[in-house]
Every structure is written in structure tokens, then in C-alpha cells.
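*Asks:* here are the coordinates; sequence isn't available:
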């Protein structure tokens, strides 16, 4: 009976019932109005929304708020559900930021595997010219879904790191708004299901960027994606509020802003972006929905009869791109700033010396966040945008390279003269730097307008963003999982398997990046199921596919390592890395109430080489030192 | 532009080596030896270095921006004797009109060393004009007119490839491009504009190429979005509703005027444009049907 009482199972039941009710009521209203009683796209939209709402109510994410509306005082519930096994708390609404962080983390890894499988499927198709086993429509749907699921995986993974680590690192007992935190996590589950379902309700041919007018006329799968992404964006906004308030108001005594662990700076910068920009993708996707279902014409020009004849005032095709990229460019900084924060966080620990230029590194995250709002039209240089603005956007785009470069130089200077050890987390950090460097250096050719006119929509761009995503998120995320694994589980991961994972994944990824850039320069376009043998890219495509499979296998090794070690790994000490960070002064696994009393901050976070210096003092109740 | 790419290659190699070599060197030379519990050097920062590695990259990126802006302006310079070519893009085919010569073509034929001003129109969704050897590309956006200036400098055969995802057949939205010596180009123009009598089937072939039919229907039997025309006339086909028909002239005419009325099994409705009844005259429709018939031997 335990399975049926799990929150997620109840939630799924709620979603199914809600979807049926939403569609049923819509069709009934249609019939009552004298319209044909069909399941129209409008009815599907109502079904999806009521279904998601049904999930959230049934899983219990709204329960406390409903009680508040009824006038009842409900304290925040701590600890596992009463009378149920501890593991069930991970499958339902729990308010502890550590549980929510793990829920986010597991969901992120699951989405990474889903998107990875989709990638390997179409990579197999691309090994040679000609269509081997996919048709155009299926191919288009699969790569589009790969893109959007990866983005969801990254947003959810950022949520994992931000939620698990922020309170621990600032010395707080939890996030500022625990119920909002749980709500923010649980939105992602129905949303991910809705996005994945898009493949089965007709698919969609537009790529994750969903440009109008193609998206206005795309099959029903497009609508699922538009709504699913809107929901994931809502989760992102809600999570950012929590991070910002927690960082600004709940730091431990003595922890001034420039005494915070550097990772906290990075999630603060990330949250500023997510809080303010995400609305734009929600808006642009909602406007496409309104065109599809309500016949509005935001993005549709008047065309000659026989094409897409519309009798309303003409719209503007490029308006979609401006709205979309106004979020989606800053979004990539949401994806990478936490990962770059992880790199900055781990290098001092494994070099036993301070983070070089801590203040300037902290401020560089804020600078990237702010400048990142001013560059979006570099995705539109070929679009027919107002030509006079291309050079200004080129200049702002190139400016973003400066604070990013500052991070690279600080990292190298942190390593120089250190006492460097190379356990698996550190290997992934160094690998991340090398890959993010490839991604970053392939940026300026895209930022310079005249060369972008060649590179846009080629595999060079695909190589650029895969390198920045892997180097800025995937590798650091993996490093973080290995690094905090002993803290979370109380057991150590297997170091041998970890190194195997790394040495398979890193060369795989280097090969993939270089081959993608090469085939792009040879003229291979993006988003095509079949390519011309005359391009001479067959070998490059084969290499990319082989690299992809190497990466996939290495991730299976990773998964096996995590699962086996969590169950049977060697019991870990409280501070295996001799870190000065507050959470490593606690026992492993961390107790329910992390800090019985807030820790007191008496020194700098990265004074590894300062003899006798102390960063935080925990109260004797909390500390692992006894 | 190729010089700029060469410059990038140098800069990328230089900075990549700078960071990675120092990183790998550090990981080896500064490796902590077993039993060594000493910390690393107690350095928090260095203002001079921090200023240098902010200012120098700033200078480099601003320099690249300047060079890029100058090159961009060069590509956009109009020339007095430039030739206008109107390009019409539709799902999933191309059409080229030469107003200066009053001719239309489904292949892009250009003379060497003469600047072309391409003027673009899309009939449906966003497409993009790209011949990799010509380097520059430009999106083709419904509702607005976009343009691009190019001067081909090498004779040869190339392929125009749509460079913006435009739906189902985007990967195959291609057109042949040939750059010729000016004398050969003039000869081509003459041969296209001479009023040589064409047979109905030959006229129909031109109509099919210029009006986007070839974007979905092949003439050589290969499969595409719509049924191939090779051997179509006179064949027995099963429809999506299970009935069997023999494809005759009446059925071909209905397929053009009312595409969704009868769909052959294995193909999808709602893909073929609905307005060809308004676009073509009766004579043109007869020519098209004559062409399709000619592909049945």
C-alpha cells in the first residue's frame, strides 16, 4: 500500500484526472454552445493546465496554503512523514531544502538521460548521408525534444545545486520560503511529463526555439511544449525569489557579502537573471498559443491568398525572436554561472590556497548577469533585424568575454603554486575549464557579425553551445555530485569508477566539440536529418556519433557508481576534502536541522594557506568535531 | 572574411594553449606529494595582474569588433552595376527571377565578378539563403523584404541550401548554383529569353520548377513529401480511405485544385498549398498535367 500513498503517485493520479476533467468540461461547453463536440486544441490546453493543477493539489504542494486560506495556522513540517519509511519523503512534498535539493538532482539526472537517449537516436541517423531509419518528421521531433529536455534538465540541475547548498553555505537552517520551495520543485514533474508527451501527440518540427510562423502551424506537440516550458519557467522564477531572500537576509552572523562562499555569489547572480528574464519566454510562448488557438496575429504578417491568409491587423514575425531571445540569451548565463561557481568553489580546496581575486571573481558573476541582458540580438544577426543595431549588439556581445576571461585567469592563478590533489571532483573541475574554454573561445567568431553570417545555423554553433553547456554546467554538476556525495549520503563514491567516468567522458567531449566545429565550417547546417555527401563531412559525423556514445557509456558508469556507493560505499568522514566551507564542519549525512545554532563567521572563506585561521565556528551541538 | 577566420584560429589556439598548458603544468608540477600537509602559496590576488587581464582582453575584443564592423560595411556596399535577383522561397523550393532580363529560373545562374543584390521574399515561414562558398547568409522572412549583396569571384557549381529550419523538408530545400564567365552567362540569358516554342510538357516542367511543385514532388522516383510523378499517371493507387483509383487527368486536376479531397496512402493531408486554382490559368494547368503525363513513358 505504501506505493499508492506516495505523493508522486497521488500527483500523477491527480494529473490524469485533472486532464480528463479539463478536456471533458471544455468539450461539454462546446456542445452546450452548439459547436461540434470535438477535442480541439483549446480543450487540450485546458486539460493540460487543469491536469498540472491537479498534480500539484494531489501531491500536496498546495495543502498548507489551502489551510491558510481556511484560517488555520500550520507550522512548517519537519522530518519524514509520520509512520512511513524515511525514503518516502523523497517521493512527496517535503519542506527540507536538502530533500528538495536531492529531488531536483535526481529529476535533473533523469532528464539528462532522457535527452541523451534522444540524442543518441538521431546521432545514429546522422552517421551517414541518406535517411537510414528515421523520417524527417520523427527526426525533427526528436532533436527538438532533445533540446528542450536538456534545457529543462539544466534548469532543474541548477535548482538542485542552489537549493541544497545555499542555506548550508550561508549558515541558514533552510531557505526563506520552504513551502514555496517544494511547490517550485513539484511544478517540474507534470511539466516534464507534458514536454515528453509532445513526441506522442503529433510531434513538432520547429527546434526548441519555436520560431513563428513555423510554430504557429506546427502539430499539436508544439502546444504541449509551449505550456510545459511555461511551467518550468514558473518554477525557475519561484526558486529565484527564495535564493535571493535567503542570501540577502539569512546569512550567519559575521558573514558579510564578501565573506560568503563564492558559489553563493554565483547563484545570487543566476537568480537575478532568472527572476527578471524568464517572463519573456513565458510571454512569447503564450503569444504563440494565442495565435494557434485564438487566431490572434502577433507574429503573422498579411500574406497573399493561397499562403497563410489572415484578415486581422498584420503582426511582426521578428517580434517573436526579440521576446524569445531576450530571455533565452540570459538563460544561458543561468545555465553556466552556478557551474562556474562550482569551479571557483572547488579549486581552492584542492589547491590548498585562496581563490585568486575572490572579490573580482564574485563581481564578475554579477557583471556577466548584467551585460548578458544586452546581447540577445546576436542570435538574430541574419534575421532581417534592423541592420544599424547589429554592430552595437556585436560590441556588447564581445564585452561579455571580459568578465568571463577574468574567471579563467583567476582559476589558473589559483592553481599556480598550489598543492594540488586530483580526486574525481577535481578532475571534472579541470575538465570543465578546458571544455568551457573551447566553448568560450568559439564565441567571438559568432559574435562578430560578418563571420556570424557564415556560422549562423551551422554545426559550428552547435559545437559552441554544446561546449559551453558541458563545460559550464554538465562537468561542474558532475563534479558537485561527486564532491558532496559523502556529505549527502555519509558514504564515499568509488574513486576508480569515478576516474573511469572522467577519462571516457573528457576525450569524448573534446572529440565531439572539435568535430562539430569542423563539420560546421565545412558547410553542415543545423537541424537537418540528412546531409549532402558532397560536403565531405561523413567522417566528422561518424566521429561525433562515436563521441556521443562514449559520453553515454561514461554516464552509465556514473549512475552505477552513485547507486552502488550510496548503498554499499565505504563510510565517509565528515570532511574528506578538508574544506573550510560551513557544511563540511557538520556530520555526514547532515542532520535534519543542519545548524542547531547559526554558525559564527570569524575569517575569510579561502584562507587555506593562512596558518591558524578559522572561517566558521559551529556551536558544539551542530559540529562534527566532537 | 577568410582572413578573419585565420585570425580567429590564431587567437583561439593562443588563448587555449595559454590556459590549458598552465593548467596541466600546474597539475603536474604543483601536485601534492603523499604525506605533504603543507598548504599552497598564500596569495589572495594581485591587482596588477587583475588589471592586465581585464584590459588586454577588453582591447582584443574591441579590436575584433572594429575589424568586424569594417568588413561588415564592405559587404554591404552597393555597386553601380549590380544585378538584382529576386529570390522567392517557399516550403520547400526556390525560385529566381531576373527583372533586368525578364526571366525566371529554378537554378541560380550568375556571372563572375559582378555584384548581385538579392531581394528576398518568403511565401510562408522563415527560410534562409546560404551558399557556403559565398560565405554570407540572410534569412528570408514572411511579411518583410530582406536583401543581401554578394559578388561571386570563382566559377563553379555550388549548392544553395536553406539555412533556417522551415519544417518537414528543410534538409532537402536545395537549389543548384552555377557561376559562369560573363560571356557564358550572356549566352544562358539569351537561351532562356528566346521565344523558342516549347511543348506543353516542357512548359509544364518549367511551371513545376518555378512554382514550388518540385519542393515536394520528384520526377525521378525518389520519395519525398508528396507522391513522385514518375509513373504516376495511369498507375493504380490506394487512397487513405481504402479505395483504389487509377490516376487519370481528372484526378490529377483535382489533386491540384482540391488537394485534400483524395490523399494517396502513405502521404499526409494539409501539406499542399490550397491556392493553385487561383494561381494557374487553365492553359497552365493543362501544361502541368501534360508534363506529369510525360513522366509515365
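*Replies:* Nice, thanks for sending it over. Note that the coordinates shown come from a computational prediction; the quantities given were computed from them, not determined experimentally.

*Asks:* contacting residues around residue 19?
*Replies:* Going with chain A. The contact partners of residue A:19, taken as Cβ atoms under 8 Å, 6 or more residues apart in numbering or on different chains, are A:47, A:48, A:50, A:51, A:54. Any C-beta I mention is one placed from the backbone N, CA and C, and that applies to glycine too.

*Asks:* chain B, not that one
*Replies:* The neighbourhood of residue B:19, defined by Cβ under 8 Å, 6+ apart, consists of A:408, A:412, A:433, A:434, A:437.

*Asks:* so which of those reach chain B?
*Replies:* Residues of these in contact with chain B (Cβ under 8 Å from any Cβ of the partner chain): A:408, A:412, A:433, A:434, A:437.

*Asks:* could you work out the most separated pair of these?
*Replies:* Using Cβ to Cβ, the pair of the ones next to chain B among the contacts of residue B:19 lying farthest apart is A:412 and A:434, separated by 11.5 Å.

*Asks:* JSON lines for the contacts of residue B:19, including secondary structure, neighbour count and pLDDT?
*Replies:* As requested, the contacts of residue B:19 are arranged in JSON lines below (DSSP: H, G, I helix; E, B strand; the rest coil; neighbours: other Cβ atoms under 10 Å in any protein chain shown; pLDDT from 0 to 100):
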{"residue": "A:408", "secondary structure": "helix", "neighbour count": "22", "pLDDT": "95"}
{"residue": "A:412", "secondary structure": "helix", "neighbour count": "21", "pLDDT": "96"}
{"residue": "A:433", "secondary structure": "helix", "neighbour count": "23", "pLDDT": "97"}
{"residue": "A:434", "secondary structure": "helix", "neighbour count": "19", "pLDDT": "96"}
{"residue": "A:437", "secondary structure": "helix", "neighbour count": "23", "pLDDT": "96"}
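
*Asks:* state the pLDDT value of the closest residue to residue A:288 other than its chain neighbours.
*Replies:* Among residues not flanking residue A:288 along the chain, residue A:215 sits closest, at 5.2 Å (Cβ to Cβ, 6 or more residues apart in numbering or on different chains). We have a pLDDT of 94 for residue A:215.

*Asks:* outline the domain layout of chain A.
*Replies:* Under automatic domain parsing, the residue ranges defining each domain of chain A are A:1-94, A:95-302+A:312-601.

*Asks:* mean confidence for stretch A:454-464?
*Replies:* For stretch A:454-464, the mean pLDDT works out to 96.

*Asks:* mind checking how far that stretch is from the chain centre?
*Replies:* In this view, stretch A:454-464 has its centroid 22 Å away from the chain centroid, taken as Cα atoms, centre = their mean, to the nearest Å.

*Asks:* touching that stretch from outside, list them.
*Replies:* Applying Cβ under 8 Å, 6+ apart, the set of residues contacting stretch A:454-464 is A:381-382, A:439, A:442-443, A:445-446, A:512-517, A:519-521, A:523-527, B:1, B:128, B:130, B:132, B:135-137, B:163-164.

*Asks:* tell me, what's touching residue A:412 and residue A:434 both at once?
*Replies:* Counting by Cβ under 8 Å, 6+ apart, the common neighbours of residue A:412 and residue A:434 are B:19, B:23.

*Asks:* interface residues of the stretch 151-300 of chain A facing chain B?
*Replies:* That would be A:205, A:206, A:207, A:211, A:213, A:214, A:217, A:300, which are the residues of the stretch 151-300 of chain A within reach of chain B (Cβ under 8 Å from any Cβ).
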